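> One predicted model, sequence on top.
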Amino acid sequence: MIVLFTDFGVRDPYIGQVKARLAEHAPGQQVVDLLHEAPDFNPHAGAHLLAAFAPGFPPGSVFLAVVDPGVGTPRSAVVVLARGRWFVGPDNGLLSIVAARHSDTRLWRIHWQPETLSATFHGRDLFAPIAADIARGEFPVAKLTQTDKLDVEFDAGDLARVIYIDHYGNAWTGIRGVPKNARVSAADVSFRHSDSFGFIGKGEGFWFLNSVGLLELAVNRGSAATAFGLTVGDPVRVQRLN
Amino acid sequence: MIVLFTDFGVRDPYIGQVKARLAEHAPGQQVVDLLHEAPDFNPHAGAHLLAAFAPGFPPGSVFLAVVDPGVGTPRSAVVVLARGRWFVGPDNGLLSIVAARHSDTRLWRIHWQPETLSATFHGRDLFAPIAADIARGEFPVAKLTQTDKLDVEFDAGDLARVIYIDHYGNAWTGIRGVPKNARVSAADVSFRHSDSFGFIGKGEGFWFLNSVGLLELAVNRGSAATAFGLTVGDPVRVQRLN
Amino acid sequence: MIVLFTDFGVRDPYIGQVKARLAEHAPGQQVVDLLHEAPDFNPHAGAHLLAAFAPGFPPGSVFLAVVDPGVGTPRSAVVVLARGRWFVGPDNGLLSIVAARHSDTRLWRIHWQPETLSATFHGRDLFAPIAADIARGEFPVAKLTQTDKLDVEFDAGDLARVIYIDHYGNAWTGIRGVPKNARVSAADVSFRHSDSFGFIGKGEGFWFLNSVGLLELAVNRGSAATAFGLTVGDPVRVQRLN
């Protein structure tokens, strides 16, 4: 299974070009669109999202992960193997959290260049063929050089900020494993805990651990983003009680 | 064929997780995205949309239908078989119209619970595995209990309101089978009939029976929603002449 | 491979109905969504986009191309074969540029009508079955009449206007093959050249030849559309120096 995780946008003609390339290089492989609206130009938020989603996909999955504001510059391209899942993308921190959270991680730099490499669309020209090779089970040894360390590494601990806002207006954070009695606040507002939406009054705010294990701020039948003016990057405070 | 009908949003990382689960449980099955922007928190509008689309899909199709503001509360989960098509989703009225419009409908409650069931994402954890079982042709008898009646049932007649607004700004209603000489009005405006867009002056409003048999309000090369201030829930009036 | 190029919108229930039809008529065929947000009601911009994308897809690909404000009127429906790729859609100019740019182009009118033909959704009812026939390798001779000329033909040269704005805010134009030392301006602003985003200061505007060979206006880590007030249709000026 090839899993796409990008900021290419769902409405733009980028994903389709990537998929056509994957279909040529790995015919018959299942391709799943996980996210194409990762926050633009923000590998840091993307890295935390990717690390939260990865364990939910079967071992052997190949993630084509591209949030790449430095495309065309000499930033490196890498392959990461972490806990049985593959990740192909730029070495700009996007893959660094999934890499750091597992002890058996292996890393390779992509030194191969395709005959035709655009300056602005490595997702199609460089990363897709490599991901296709791996998904086909033909690890492209000749195109890679093993390495010990990524060039860019983000802190692999929790990120106490809003990292994604979904279309309901729910605000995801990079915070994991919060006990129900913790005190959670953001935008100068305290949030109570609830297990799910239906237990809360209409229009009321609350926090919950979401389906990939991240603390999420929400409003029942409403938008937390609008109600509290939340945007990606806003700090979120968690006080764990004794 | 598994057909997805949800309010999960096209830009969010929900559909991809559902599809990965379907790929694990029903490998090789065709999955079609019908609608992921059903009006949020609105099973009533969704129920009328779903009932209009269903006959256009081949018998044997399995609809995974989720508009589920009560997720995590004790609302029931059900399987509906109506006119040869399967529907899997919450028992909150969403499946009640498609169930009521056919005389041979059969109903089951899902009593099975997966080992890991998130409180907020039954589409992925509960409904997807059941839909996959049915699509594979292995009806999950042991996970279901036959029943006679849904807990929540909406009126199965027409709904004389706007139930969907598409990206062109066309306003769909829950009204079927309107003769061309009927008088149609909404937002204090009378709409004339036309068979299609090209017969109407640019910027002019009209109504037509759309490609799934519902009365739709439109403006040629413009947005009816913007021109007439229409939103989901607005009443629409139809006077059938003798 | 069937490639979808439409203005049906990514969030609306149109693409799914087309895909269900394709799955019935051409089971197992790969279907790729290239673009579903071609500028609304604008076959001219769409024609230039389609011509730029086509060469990137493998010979034998079948493009289902629908931007069709005249649907339901007597405009013709056509099949185009150009440089080994097939195109199925309305004869309103949308296919005219891809047709004109190759010397070996062949043209057919679709005289076939399906038993059930809606007045507003020929993408599903008429074009999808024809595209499916061709993709299956069963050219539908009996449904077509060869012809010499399209009814509507746009100028096949460059279009010196904005033809698409992506979700980053980058503005695509219909201008090809521009040397790096050309003078480019739009909205009374001069743009400098850069090969890619990472070489430019944050927030700075520039132009580049994009990954399908079109001149594109952009801002590094920002939106050119917002910064310079660009919209589809705006003129763009290129002065080639000696």
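Looks like it arrived, so ask away.
> Find the nearest non-adjacent residue to the residue in chain A that chain B sits nearest to, please.
Here chain A gets closest to chain B at one residue, A:S196, 2.5 Å apart by CB to the nearest CB. (Each C-beta comes from the backbone N, C-alpha and C, glycine too.) With sequence-adjacent residues excluded and distances taken as CB to CB, 6 or more residues apart in numbering or on different chains, A:S196 is closest to B:G72, at 2.5 Å.
> Am I right that the one you found sits in a strand?
No: according to DSSP: H, G, I helix; E, B strand; the rest coil, B:G72 belongs to no strand; its state is coil.
> State the number of residues packed around the nearest residue to A:T6 once chain neighbours are set aside.
Computed as CB to CB, 6+ apart, the closest residue to A:T6 that is not its neighbour in sequence is A:V66, at 4.6 Å. Counted by other CB atoms under 10 Å in any protein chain shown, the residues lying close to A:V66 total 30.
> Could you pull up phi and psi at A:V66?
Taking degrees, to the nearest 10, you get phi -140, psi 110 for the backbone angles of A:V66.
> I'd like to know how far it sits from C:V80.
33 Å (CB to CB, to the nearest Å).
> How about A:D91?
On the measure of CB to CB, A:D91 and C:V80 end up 43 Å apart.
> Just the strands from chain A, written as ranges.
A:2-6, A:31-35, A:62-66, A:77-82, A:85-90, A:106-110, A:144-147, A:159-165, A:171-176, A:183-186, A:189-191, A:205-209, A:214-219, A:236-239 (DSSP state E).
> can you put the ones you listed in a markdown table and add mean pLDDT?
Shown next, in a markdown table, are the strands of chain A (pLDDT from 0 to 100):
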| stretch | mean pLDDT |
| --- | --- |
| strand A:2-6 | 98 |
| strand A:31-35 | 98 |
| strand A:62-66 | 98 |
| strand A:77-82 | 98 |
| strand A:85-90 | 98 |
| strand A:106-110 | 98 |
| strand A:144-147 | 98 |
| strand A:159-165 | 98 |
| strand A:171-176 | 98 |
| strand A:183-186 | 97 |
| strand A:189-191 | 96 |
| strand A:205-209 | 96 |
| strand A:214-219 | 97 |
| strand A:236-239 | 98 |
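> Would you mind finding the most buried of those?
Burial of the strands of chain A is given as mean neighbour count (mean count of other CB atoms under 10 Å in any protein chain shown); strand A:62-66 ranks first at a mean of 27.
> CA atoms of that strand as PDB?
What follows is strand A:62-66 as a C-alpha-only set of coordinates in PDB (Å, rounded to 0.1, in the frame of the first residue of the first chain):
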ATOM      1  CA  VAL A  62       5.100   3.100   1.900                       C
ATOM      2  CA  PHE A  63       4.400   6.700   2.700                       C
ATOM      3  CA  LEU A  64       5.100   9.200   0.000                       C
ATOM      4  CA  ALA A  65       5.400  12.300   2.300                       C
ATOM      5  CA  VAL A  66       5.900  15.700   0.700                       C
END
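> Partner strands of that strand, with direction?
strand A:2-6 (parallel), strand A:85-90 (parallel) (DSSP bridges).
> what's next to the longest one, contact-wise?
Going back to what we said before, that points to strand A:85-90. Residues outside strand A:85-90 that contact it (CB atoms under 8 Å, 6 or more residues apart in numbering or on different chains): A:43, A:50, A:54, A:57, A:59-68, A:70-71, A:75-81, A:95, A:98-99, A:110, A:122, A:127, A:130-131, A:134.
> what's the closest of the strands paired with strand A:62-66 to C:I175?
strand A:2-6 (26.8 Å; CB to CB).
> Between strand A:31-35 and the closest one, find me the angle.
Angle of strand A:2-6 versus strand A:31-35, following axes from the mean of the first three to the mean of the last three CA atoms, to 10 degrees, is 30 degrees.
> Enumerate the residues of chain A near chain C.
With CB under 8 Å from any CB of the partner chain as the criterion, chain A comes near chain C at residues A:9-17, A:19-20, A:23-24, A:27, A:37, A:40-41, A:69-73, A:75, A:118-121, A:124-125.
> how about a cut-off of 6 Å?
Residues of chain A found near chain C (CB under 6 Å from any CB of the partner chain) are A:9-13, A:16, A:19-20, A:23, A:41, A:69-73, A:118-121.
> show me the contacts for A:F197.
A:F197 sits next to A:N220 when contact means CB atoms under 6 Å, 6 or more residues apart in numbering or on different chains.
> cool, and A:V3?
A:V3 makes contact with A:32, A:34, A:57, A:61, A:63 under the criterion CB under 6 Å, 6+ apart.
> picking up where we left off before, any idea how many residues pack against the residue of chain A closest to chain B?
A:S196 is flanked by 19 other residues according to other CB under 10 Å.
> Help me confirm that it comes into contact with B:F121.
No: between A:S196 and B:F121 there is no contact under CB atoms under 6 Å: 9.6 Å.
> hmm, back to that, tell me the phi and psi of the residue of chain A closest to chain B?
According to degrees, to the nearest 10, A:S196 has phi -160, psi -180.
> picking up where we left off before, out of the contacts of A:V3, who's nearest C:P235?
A:L34 (39.3 Å).
> can you tell me which residues contact that closest one?
Neighbours of A:L34 in contact, by CB under 6 Å, 6+ apart: A:3, A:5, B:13, B:16.
> Spell out which parts of chain A neighbour chain B.
So chain A meets chain B at A:10, A:30, A:32-35, A:37, A:57, A:166-167, A:195-196, A:198, A:211, A:221 (CB under 6 Å from any CB).
> So among those residues, where is pLDDT lowest?
Ranked by pLDDT, the residues of chain A next to chain B bottom out at A:G198 (81).
> CA-only coordinates of stretch A:114-123 in CSV, if you can.
What follows is stretch A:114-123, C-alpha atoms only, in CSV (Å, rounded to 0.1, in the frame of the first residue of the first chain):
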residue,chain,number,x,y,z
PRO,A,114,15.7,10.7,-12.9
GLU,A,115,16.4,11.7,-16.6
THR,A,116,13.8,14.4,-16.4
LEU,A,117,13.7,16.2,-13.0
SER,A,118,11.6,19.4,-12.8
ALA,A,119,12.8,22.0,-10.3
THR,A,120,9.5,22.3,-8.6
PHE,A,121,7.8,18.9,-8.6
HIS,A,122,10.0,16.2,-6.9
GLY,A,123,6.9,14.5,-5.6
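> What pLDDT does the model give A:A51?
98.
> Just give the number of residues close to it.
For A:A51, using other CB under 10 Å, the count is 26.
> Same question for A:D188.
A:D188, neighbours per other CB under 10 Å, totals 8.
> swap in A:T231?
The burial count for A:T231: 11, using other CB under 10 Å.
> Centre-most residue in chain A?
A:L50 (2.5 Å; CA atoms, centre = their mean).
> contacting residues for that one?
A:5, A:65, A:98.
> gap between it and A:Y164?
Taken as CB to CB, the span from A:L50 to A:Y164 is 11 Å.
> and what of A:S185?
19 Å.
> what does A:V88 give?
Taken as CB to CB, the span from A:V88 to A:Y164 is 22 Å.
> again, but for A:L209
Distance from A:L209 to A:Y164, by CB to CB: 15 Å.
> Likewise for A:P74?
Going from A:P74 to A:Y164 by CB to CB gives 29 Å.
> that older thread, the residues of chain A next to chain C, buried ones only, as a PyMOL selection?
Only the buried entries of the residues of chain A next to chain C go into this PyMOL selection, using 16 or more other CB atoms under 10 Å in any protein chain shown:
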select buried, chain A and resi 9+10+11+12+13+16+19+20+23+41+69+70+71+72+118+119+120+121
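> Narrow the residues of chain A next to chain C to those in helices?
Among the residues of chain A next to chain C, DSSP state H puts A:16, A:19-20, A:23 in helices.
> which residue sits closest to A:R83, ignoring its sequence neighbours?
A:R83 sits nearest to A:H102 (CB to CB, 6+ apart), 4.6 Å away.
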